[in-house]
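1. got a predicted model here, sequence first, then my questions.
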Amino acid sequence: MSNISIKDDEVDIVIGALEPDLTYFLEEWRPVFSRFHLIIVKDPDLKGELKIPEGFNLNIYTKSDIDRVVGSSPISFSGYSCRYFGYLMSRKKYIISIDDDCIPARDSKGGLIDAVAQHITNLTTPATPFFFNTLYDPYCEGADFVRGYPFSLRTGVDCGLSSGLWLNLADYDAPTQALKPENRNSRYVDAVLTVPAGTMMPLSGINIGFNSELVGPALVPAFRLAKEGKFRWETVEDIWSGMCVKVVCDHLKLGVKSGKPYVWRKERGSAIESLKKEWEGVKLMEEVIPFFQSIRFSEEAKTAEDCVAEIASLVKEQLGPLNPMFARAADTTVEWIKLWKRVRAQ
Amino acid sequence: MSTPATLVNPPLKDELDIVIPTIRNLDFLEMWRPFFQPYHLIIVQDGDPTKTIHVPEGFDYELYNRNDINRILGPKASCISFKDSACRCFGFLVSKKKYIFTIDDDCFVAKDPSGKEINALAQHIHNLLAPSTPLFFNTLYDPYRDGADFVRGYPFSMREGVPTAVSHGLWLNIPDYDAPTQLVKPRERNTRYVDAVMTIPKGTLFPMCGMNLGFNRELIGPAMYFGLMGDGQPIGRYDDMWAGWCTKVITDHLGLGIKTGLPYIWHSKASNPFVNLKKEYKGIYWQEEIIPFFQSVVLSKDCTTVQKCYIELSKLVKEKLGPIDPYFTKLAEAMVTWIEAWDEINSPASESTAPAAVDGKKK
């Protein structure tokens, strides 16, 4: 892992601040974050000043910045979606994003796991989406392609996104966590693997890295639950944008990796309380699965932007009639692409 | 999975056969005794049938050598490979059990990171009895495992899973590399214990290794044909690969699942890479055409049984791969012979009369 030279000035770490006091969070991550540039985006609904310790190289964006750049737009950057503003403003090739209730995990020897370094490694080594390697990541130390793996597929493809995992509080939905309140993830699975092409997955936004040049526009803050809240149990924004990213990567022949790095996710909120809220959006998500599974892009769709534009019109056409939330998602996506282009042109 | 099977109440004791191909000896069974002894073994003796393979005391087994295979299958015996571990599928054919676990004779008991010995058989059973989830990838791997679950965003409608047809285990120490990789990395050992079981997603192919494998014979048995390899054949070391590609296509079509990951065994013997290279040589080239073939196979809707799927697959093999080399035409015909043999041996009429291992030994 340390053979990959981490190009520090090619990385932005984007943090969405849903709580005002980031002191503990940033102090815990200081050994890992201090060499990088940080973009901190304050949830526009959050009242009060952000508390940030000294010694970091960072830019802070607040509601006034969002209003200034975005103007009037159907796109909401409230709650967890505030981080998308950070993605928008970043000019770096690699973006790492971690929820503000996560701290570094420790390995079996008690050493700090450098989640950023692992994401960078995942993003800068090839992915292998077209054939499953039973020894998982063939490019890591001590592993390789197994017997029977076609040689022509061993060069792999670029990795567009790296999805990490969580020790302690895993990313379960509210019903699952409410049913098993004591359930804590203590299983460290020492693997990174490429999620095969054509396979859908739930892409949690809690701990991710991505190549913004390749897939940036595909992380779309388009789908919001009616009663979207400030706990992960009350959102599906990342699940929706994750499905967009996956179909885009599949089409552009890019890879999506899942597995290491782990972060340590702390307790916040109550699953049962979240369960009491209305789940209209969660039910709706069931309906979008067949839609995403059957998306076919045109041959002209050669970039993430092209693909996302096509997703927007397909959503409008096929899902819009089912529920106004989808029509809104489609419109929001169209606005997002315009915004992305406009900001990039400046 | 932490509780090993005990001798008092081992799971699936009367529903599972352990199939072991061997040409050398069965000394490795001593180490497995605590885990294997309650189960029935089917030994398939490859190579010289006049040689006597000693089975350690205390095991309940039947042993078949080449003479038995020829006698039991008659002219159909041509589909069973000689001088290649592919002959193991004869054991699958004659078994009367619902589940099969097959293991190579150079595979020993591994230890997990805590130092505890791994009961590979118990883990395979656990994998086979729990559902698979091929339709949507769960980022926390096997959701039915203790301490895990489906993650947020996993469709609720898919959480029941599908029946598991195959459990593919892995190997510590000598990894299952092909000859070129072995030549380049002769010293590489697999020391990474990845504590996960996962379902291989629908529509994705994988290299299935036969040295540590469990499957549900009732669900997928007829697809587990290990092809024409070894003596008189232009190719070797692709037997399990072939079975794996056929099996994956069929399980995808029938809505069944294949798992990979735990359990680990300790693979002790690195075969000679130069010998391997000669065996694999044609496979390395042919593979480049075989893979796109399997990736694009579509089985028709009236293929509702494994046998029907397999016969249709054999026709496609003849049509699409036949032009590459006459071997594939022979292989396609052998695939048909295999199904004929399977149906004959496993038809309800023949169930009462077990094919007796006369030349070998039935105990």
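-> Yep, that arrived.

2. what about the strands in chain B?
-> B:16-22, B:40-45, B:60-64, B:99-103, B:107-109, B:164-173, B:197-199, B:212-216, B:257-267 (DSSP state E).

3. could you measure from A:Ile15 over to A:Val248?
-> 24 Å (Cβ to Cβ, to the nearest Å). Backbone N, C-alpha and C define where each C-beta goes, glycine included.

4. so where's the stretch 251-363 of chain B uncertain?
-> Along the stretch 251-363 of chain B, the model assigns pLDDT under 70 to residues B:349-363.

5. residues of the stretch 201-346 of chain A that sit close to chain B?
-> With Cβ under 8 Å from any Cβ of the partner chain as the criterion, the stretch 201-346 of chain A meets chain B at residues A:201-204, A:232-233, A:236, A:238-239, A:242, A:258, A:285-286, A:289.

6. A:Ile15 and A:Val248 - which one has more neighbours?
-> Set A:Ile15 next to A:Val248 and count neighbours by other Cβ atoms under 10 Å in any protein chain shown: A:Val248 wins out with 30 against 26.

7. identify the residues contacting that one.
-> By Cβ atoms under 8 Å, 6 or more residues apart in numbering or on different chains, the contact set of A:Val248 is A:160, A:215, A:218, A:254, A:304, A:307-308, A:311.

8. and it, what are its phi and psi?
-> Phi and psi for A:Val248, reported as degrees, to the nearest 10, are phi -70, psi -50.

9. do you know how far it is from chain B?
-> 16 Å (Cβ to the nearest Cβ, to the nearest Å).

10. also A:Arg224?
-> 15 Å.

11. number of residues surrounding that residue?
-> By other Cβ under 10 Å, 22 other residues sit near A:Arg224.

12. hmm, it is touching A:Ser81, no?
-> Yes: between A:Arg224 and A:Ser81 there is a contact under Cβ atoms under 8 Å: 7.3 Å.

13. and for those two, which residues touch both?
-> Contact with both A:Arg224 and A:Ser81 is made by residues A:Glu237, according to Cβ under 8 Å, 6+ apart.

14. now A:Leu169, nearest residue through space, not along the chain?
-> A:Arg265 (4.2 Å; Cβ to Cβ, 6 or more residues apart in numbering or on different chains).

15. what number of residues lie near the one you found?
-> By the criterion of other Cβ under 10 Å, A:Arg265 has 24 neighbours.

16. beta partners of it?
-> With DSSP bridges as the criterion, A:Arg265 is bridged to A:Cys102, A:Asn168.

17. against A:Thr332, how distant is it?
-> Here the criterion is Cβ to Cβ. By it, A:Arg265 lies 28 Å from A:Thr332.

18. residue contacts, the residue lying closest to A:Thr176 once chain neighbours are set aside?
-> Leaving aside its sequence neighbours, A:Thr176 sits nearest to B:Asp149 (Cβ to Cβ, 6+ apart; 5.3 Å). By Cβ under 8 Å, 6+ apart, the contact set of B:Asp149 is A:170, A:172, A:176, A:180, A:183, B:140, B:143.

19. before we move on, what about A:Pro217?
-> A:304-305, A:308, A:336-337, A:340.

20. hang on, it in a strand?
-> No: assessed with DSSP: H, G, I helix; E, B strand; the rest coil, A:Pro217 is helix; it does not lie in a strand.

21. read off the pLDDT value for it.
-> Per-residue pLDDT puts A:Pro217 at 96.

22. how much space between it and A:Tyr84?
-> In this view, A:Pro217 and A:Tyr84 are 11 Å apart by Cβ to Cβ.
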